[in-house]
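Undergrad: sequence first, then the predicted structure:
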Amino acid sequence: MNKVVNISDAISIIKDGDTVALGGNTLHRAPMALAREIVRQRKKKLNIIKTAGAHEVDLLVRGDCVESVTAGFISYETEFGLAMYYRKAVEAGKVKANEHACYTVMCALNAGKINVPFMPVYGLKNSDLINANDYFRVITDPFTGDSITVVKAIKPDVALIHVSECDEHGNAIIDGPVYDDVLMSRASNKIIISTEKIISPSQIRLKQDRVVIPGFLVHAVVNIPRGAAPCSQPGKYDINKKVLSDFINNKDNDGLMKYLSDYEYADKKMERKNVL
Amino acid sequence: MNKVVNISDAISIIKDGDTVALGGNTLHRAPMALAREIVRQRKKKLNIIKTAGAHEVDLLVRGDCVESVTAGFISYETEFGLAMYYRKAVEAGKVKANEHACYTVMCALNAGKINVPFMPVYGLKNSDLINANDYFRVITDPFTGDSITVVKAIKPDVALIHVSECDEHGNAIIDGPVYDDVLMSRASNKIIISTEKIISPSQIRLKQDRVVIPGFLVHAVVNIPRGAAPCSQPGKYDINKKVLSDFINNKDNDGLMKYLSDYEYADKKMERKNVL
Amino acid sequence: MMTQEAKNVHPADIMIVTIAKLLHDNETVFHGVSSQLPMVAILLAKKMHAKNLNYLNIPGGVDSNPRNLLSYSSAGEDIYNNGCAVFPLQEIFDLSMRGKLDVAFLSGVQFDKSGNVNASVIGDYHNPKIRLPGGAGSAVLIPTVKRALIWRTKHDARTFVDRVDFITTRGNVDRIITPLAVFKYKDNELKLEAISPLTTIDEVVKNTGFTVNTQGVRVLDYPTKEEMLLIKKIDPKGVRYKEF
Amino acid sequence: MMTQEAKNVHPADIMIVTIAKLLHDNETVFHGVSSQLPMVAILLAKKMHAKNLNYLNIPGGVDSNPRNLLSYSSAGEDIYNNGCAVFPLQEIFDLSMRGKLDVAFLSGVQFDKSGNVNASVIGDYHNPKIRLPGGAGSAVLIPTVKRALIWRTKHDARTFVDRVDFITTRGNVDRIITPLAVFKYKDNELKLEAISPLTTIDEVVKNTGFTVNTQGVRVLDYPTKEEMLLIKKIDPKGVRYKEF
């Protein structure tokens, strides 16, 4: 099945209130073009799932698309500092922060992947997080009678993943670090892929061992070269420091509108071309 | 650390009564040379872990090394029929068959990998296996109150894995199907690798993306070209039908002794050579 | 009176065509070990009406394109190579747990009318007369896959029994295909749906250990010439006959 | 009186050498996000006394050999490439759960004398004055790793407090390294082990919100010329200063 669609059709799959997992890590291979389209389409009350997020979470919160963020870490790391739109929204009570360890997000996604209601986590102990959050519980191991913390399963409605290349069926290759993208692709009900490049199914077969997301799991493929910008794409391009600084510093609504419109041409330029 | 050792030193790591996971699947990439050395060293009361096993389990049972076999399937598949040494030993009460679905072996190893006492399994229901075996239990999901079956963790003492190539540190590459070998390498306390070929650490770095077992997990490396024979090694050699037939048909003790001695030269021939 | 067709056709080929027709385009379809008959049936369906069927197997090749089927195994590299992705066994199980595996081929040694499947032991579980190879994926796949297709190359009263010795799993069987017949599981019991053109209703009834309703049973088609040509191209060495 | 050495040395470099010396050969050592200082310290240790240290990180490169450290991140492809294996974050956590991770570098925003670590909020958890970025791996790694090394580039009475606002995790901290001092966790409390040559005992006491026993404290070494040469070779752009 040819799953290549326009970015607007792809993102229209997402419904208000959906749980959305985002691939990449901090400023690397974040699905930025797809996140921008979410803001353009004014999606609301999304529940965001990420292990370690940065710009994409900050953008979605700034665009008023977010109800909660489930993550282990949200920050631009050292040079660009904290994700201030996210932080202010949490402090103002507009967005709920579901604080996890990065690992408990993964464990929750692993439970989603295998369709069980929870996953035991050995390391989560001696933490106020257990009692402060309703997604952790302590239960009894039926084999020994000992206590073990469990985390509630997370099953995202949609995963957004930006890849290096894929074919029209969605068989996808990720160059460099895979981060938690493969896990997210398994735990989520639907997958929207944006890709730097579409290659032919016969080319994909020559690289079978590197295809980490099989096409039969994929719902939509969007051809977006530089779709991770202004974040980095390993092996391809580094972050755009000026864009990130402007996004962080131009705090008024015009700053957001300019950011979105500056990328609109690039995010949609392949739509009228022959995608292959 | 250079971990390359003789086959006898590698197998001497295994103690009587140990739980031993075996890589490969049915007649493919089974760690046969390592299994033969176990029989030569007359190890006793081993608890064998395998998803779908064949000749290596049959050999270890025939060699009187086995107390129990935890597996989803033990058979030579269609052409060579059932694993009769295994089957007769179970029927005679000499070996305990811990019957699993292949998947519950994987789930138990996954629990071992993340050091939790059990793993929930959605699919295990409507089965007499649950009550007939003490490694399954039904518990209550603390989030919903629903029932869920769990399987007890398996943490093998040692995993035996035959690989396509590795360096002296144990950084290992498997060509073709990986089966459950990576999972076993994570769940087990120690790993003994036998390899078709030892390549240099700098060659390994050129193939980083394909190194699925990192050397720091590995305890011993043994250089054994054709170490999976008479089973197959994907990309390298097919099964030896004559040897398998003889093993199956020559049921007396001489048959076993001949089988072991016929392979002894090949299993140990790299020991006095410069291994690199 | 035996026709020309009947004299030359092997029950395996009738089973293969029957199975292939049960598979639909775009479905995810899995077989495991000792499954050469379903393997050929899947490859046949992909060459006929189900070009986009997603063929999954133990070694983990997705839509592999085997050039030389192994004679002794349905878990080898022949069905891993030349695929479009890697999706190994654990992932396939996980997929079924999530309700996203469309078809799995499973087997067993005893079946009863209520849809109970035994792949574990003959006799007492803890003190068995016969220790069977084990159900492999059956115990977790049959309850979770959308359609569990069971095939068995033996059809006799020791296979289709009044009551299985042990319930490895039960329910959610879609169909059981044998050299003699096809059973469909419906309203909590196995119903005779079709018989092979090589047999008779009486022979089926005699070889089935539970009572069979013989109303509304259809006769399976012989393979067409085109189907046989495709089967022979997929499996020139005849690995599909190994189970017989 | 300030020596020539003291005038030129940056606290980051003293911290890096101090940290590097805490790492041993053949250990498995992990750092996460926003961890450029430990990153340089690990790479330094590998060039000095710990050539076979197994360097693990978020992108999953094992013993990567970075040629051009990113200025803004410790989770990028620079520390993935040119490694000897792939072992991504989830695997590293799993390794720590199994008790096989030797060292993890973690941070936090508040620490108290009892070894409690807060990386979650300032103020009330459900109605925070300040929402911190989150503890990333801390909550599960500190209880499970053999040695949790915590570094923090701020050392003041708001960081080292009498009682943390929230216990993200506690106990099993090995050491806390700051620009002023090194604390060792022993007998269930943080003990002052060493101070920087750039500071005084009094300054450390003044900037620590809990009482400090000042007996038996040693002074950290300045980096040697050889150490500084290696540090500059590893990090010519000075990414190690980004946190200051």
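TA: The structure has been received and is ready for your questions. Residues are numbered from 1 along each chain as shown, chains lettered A, B, ... in the order given.

Undergrad: near A:Asp246, how many other residues are there?
TA: When neighbours are counted by other C-beta atoms under 10 Å in any protein chain shown, A:Asp246 registers 15. To be clear about C-beta, it is placed using only N, CA and C from the backbone, and glycine gets the same treatment.

Undergrad: how near is C:Thr224 to chain D?
TA: The gap separating C:Thr224 from chain D is 49 Å, by C-beta to the nearest C-beta, to the nearest Å.

Undergrad: which residues of the chain score low on pLDDT?
TA: Unless you meant another one, I'm taking chain A. Regions of chain A meeting the criterion pLDDT under 70 cover residues A:272-276.

Undergrad: can you look at chain C instead?
TA: C:1-7.

Undergrad: quick check: the residue of it nearest chain A.
TA: In chain C, the residue found nearest to chain A is C:Ala85; the distance is 3.7 Å by C-beta to the nearest C-beta.

Undergrad: distance-wise, check C:Val164 relative to chain B.
TA: 9 Å.

Undergrad: ok, now A:Val61?
TA: Applying C-beta to the nearest C-beta, the value for A:Val61 to chain B is 27 Å.

Undergrad: how about A:Met84?
TA: From A:Met84 to chain B the distance is 34 Å (C-beta to the nearest C-beta).

Undergrad: and C:Ile122, by the same measure?
TA: From C:Ile122 across to chain B, the span is 10 Å (C-beta to the nearest C-beta).

Undergrad: just confirm that residue is within a strand.
TA: Yes - C:Ile122 forms part of a strand when assessed by DSSP: H, G, I helix; E, B strand; the rest coil.

Undergrad: check whether it really touches C:Gly108, as I assumed.
TA: No - using C-beta atoms under 8 Å, C:Ile122 is not in contact with C:Gly108, being 11.9 Å away.

Undergrad: of these two, which one has the most company?
TA: With neighbours defined as other C-beta under 10 Å, C:Ile122 and C:Gly108 compare such that C:Gly108 has more, 23 against 17.

Undergrad: and the gap between the more buried one and A:Leu260?
TA: 58 Å (C-beta to C-beta, to the nearest Å).

Undergrad: show me what A:Glu99 is bridged to.
TA: Legend: beta-bridge partners of A:Glu99 under DSSP bridges are A:Ala71.

Undergrad: the stretch 151-276 of chain A against chain C: which residues are in contact?
TA: Residues of the stretch 151-276 of chain A lying close to chain C by C-beta under 8 Å from any C-beta of the partner chain are A:167, A:169, A:171, A:186, A:201, A:204-205, A:208-209, A:211-217.

Undergrad: please redo it, this time with the cut-off set to 10 Å
TA: Residues of the stretch 151-276 of chain A lying near chain C by C-beta under 10 Å from any C-beta of the partner chain: A:155, A:167, A:169-173, A:182, A:186-189, A:201-202, A:204-217.

Undergrad: tally of neighbours for C:Ala194?
TA: 20.

Undergrad: re earlier: overlap in contacts of C:Ile122 and C:Gly108?
TA: C:132, C:164 (C-beta atoms under 10 Å, 6 or more residues apart in numbering or on different chains).

Undergrad: picking that back up, just checking: which of the residues of the stretch 151-276 of chain A next to chain C also lie near chain D?
TA: Near chain D, by the rule C-beta under 10 Å from any C-beta, you find A:Val182 out of these.

Undergrad: show me the residues of the stretch 151-276 of chain A next to chain C that map onto strands.
TA: Of the positions in those, A:172-173, A:211-213 sit in strands, assigned by DSSP state E.

Undergrad: OK, contacts around residue 86?
TA: By default, I'm working from chain A. By C-beta under 10 Å, 6+ apart, the neighbours of A:Tyr86 are A:48, A:53-54, A:57-62, A:66, A:69, A:71, A:74-75, A:95, A:97, D:131, D:133.

Undergrad: try again with chain C
TA: Contacts of C:Val86 by C-beta under 10 Å, 6+ apart are A:208-212, A:214, B:177-178, C:59-62, C:80.

Undergrad: and the spatially most central residue of chain C, its phi and psi?
TA: Centroid check for chain C by C-alpha atoms, centre = their mean gives C:Trp151 as the closest residue, at 3.0 Å. Here is the backbone geometry of C:Trp151 (degrees, to the nearest 10): phi -120, psi 150.

Undergrad: ok, for residue 163, nearest residue in space, not its chain neighbours?
TA: You didn't pick a chain, so chain A it is. Once flanking residues are discounted, A:Val163 sits nearest to A:Ala172: 4.2 Å by C-beta to C-beta, 6 or more residues apart in numbering or on different chains.

Undergrad: oops, I was thinking of chain C
TA: Using C-beta to C-beta, 6+ apart, the closest residue to C:Arg163 is C:Asp112 (5.4 Å).

Undergrad: the one you found and A:Ile191: what is the separation?
TA: 41 Å.

Undergrad: who's more crowded, these two?
TA: For C:Asp112 and A:Ile191, the more surrounded residue by other C-beta under 10 Å is A:Ile191, and the numbers stand at 27 against 20.

Undergrad: checking the more buried one next. Helix, strand or coil?
TA: Going by three-state DSSP: A:Ile191 is strand.

Undergrad: hmm, it is touching A:Ala172, no?
TA: Yes - with contact defined as C-beta atoms under 10 Å, A:Ile191 reaches A:Ala172; the gap is 8.9 Å.

Undergrad: now the common contact residues for those two.
TA: Listed contacts common to A:Ile191 and A:Ala172 are A:161, A:181, A:185, A:213, A:215, A:217-218, A:221; contacts here mean C-beta under 10 Å, 6+ apart.

Undergrad: can you redo the residues you listed as JSON lines with neighbour count?
TA: Below are those laid out as JSON lines (neighbours: other C-beta atoms under 10 Å in any protein chain shown):
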{"residue": "A:Ile161", "neighbour count": "28"}
{"residue": "A:Asp181", "neighbour count": "27"}
{"residue": "A:Ser185", "neighbour count": "24"}
{"residue": "A:Ile213", "neighbour count": "27"}
{"residue": "A:Gly215", "neighbour count": "26"}
{"residue": "A:Leu217", "neighbour count": "24"}
{"residue": "A:Val218", "neighbour count": "23"}
{"residue": "A:Val221", "neighbour count": "27"}
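
Undergrad: closest to D:Ile176 among these?
TA: Comparing these against D:Ile176 with C-beta to C-beta picks out A:Asp181 as the nearest, at 33.9 Å.

Undergrad: picking up where we left off before, so which of the ones in strands among the residues of the stretch 151-276 of chain A next to chain C wins on neighbours?
TA: A:Ala172 (29 neighbours).

Undergrad: report the contact partners of that one.
TA: For A:Ala172, the contact set (C-beta under 10 Å, 6+ apart) comprises A:161-166, A:181-182, A:185, A:191, A:193, A:195, A:204, A:210-215, A:217-218, A:221, C:85.

Undergrad: how close does the residue of the stretch 151-276 of chain A found nearest chain D get to chain C?
TA: Closest residue of the stretch 151-276 of chain A to chain D, C-beta to the nearest C-beta: A:Pro177 (3.4 Å). Distance, A:Pro177 to chain C, by C-beta to the nearest C-beta: 18 Å.

Undergrad: tell me the secondary structure of the nearest residue to A:Asn249 once chain neighbours are set aside, please.
TA: Distance criterion C-beta to C-beta, 6+ apart; nearest residue to A:Asn249, sequence neighbours excluded, is A:Gly255 at 7.9 Å. What three-state DSSP gives for A:Gly255 is helix.
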